[in-house]
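> below: sequence and its predicted model.
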Amino acid sequence: MRVLPTILLGLLMTPAVTAAPPRPARSLEVAPNPIVLGGTNRVQQIQVTASGPDGRQFDVTH
């Protein structure tokens, strides 16, 4: 049981990690367009791309 105190000490000494603040978005684009679901139990993967105020595009798919 010597491993547990070592792990706990390591966790206490690790700095907190926080997420970066969200980037502002001017517009969103969803692909594919259109999204078509037919039948029962169908799924569709999508990609969401945002455009920032400077015109750069970045992925915001979660």
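Cool, the structure landed.

> skipping adjacent residues, who's closest to Pro24 in space?
Pro53 (5.9 Å; Cβ to Cβ, 6 or more residues apart in numbering). Quick note: C-beta positions are derived from backbone N, CA and C, even for glycine.

> and what of Leu37?
Per Cβ to Cβ, 6+ apart, closest to Leu37 is Gln44, 6.0 Å.

> and the next helix or strand past the element among helices and strands of the chain having the smallest mean pLDDT?
Within the chain, confidence by mean pLDDT, DSSP states H and E is lowest for helix 3-13 among all helices and strands, at a mean of 84. Sequence order places strand 27-31 as the next helix or strand after helix 3-13, per DSSP states H and E.

> quick one: distance of that following strand to the chain centre.
Average the C-alpha atoms of strand 27-31, do the same for its chain, and the two points are 15 Å apart (Cα atoms, centre = their mean, to the nearest Å).

> contacting residues around Ala50?
Contacts for Ala50 (Cβ atoms under 8 Å, 6 or more residues apart in numbering) come out as Arg23, Ala25, Arg26, Ser27, Leu28, Glu29, Gln57, Phe58, Asp59, Val60.
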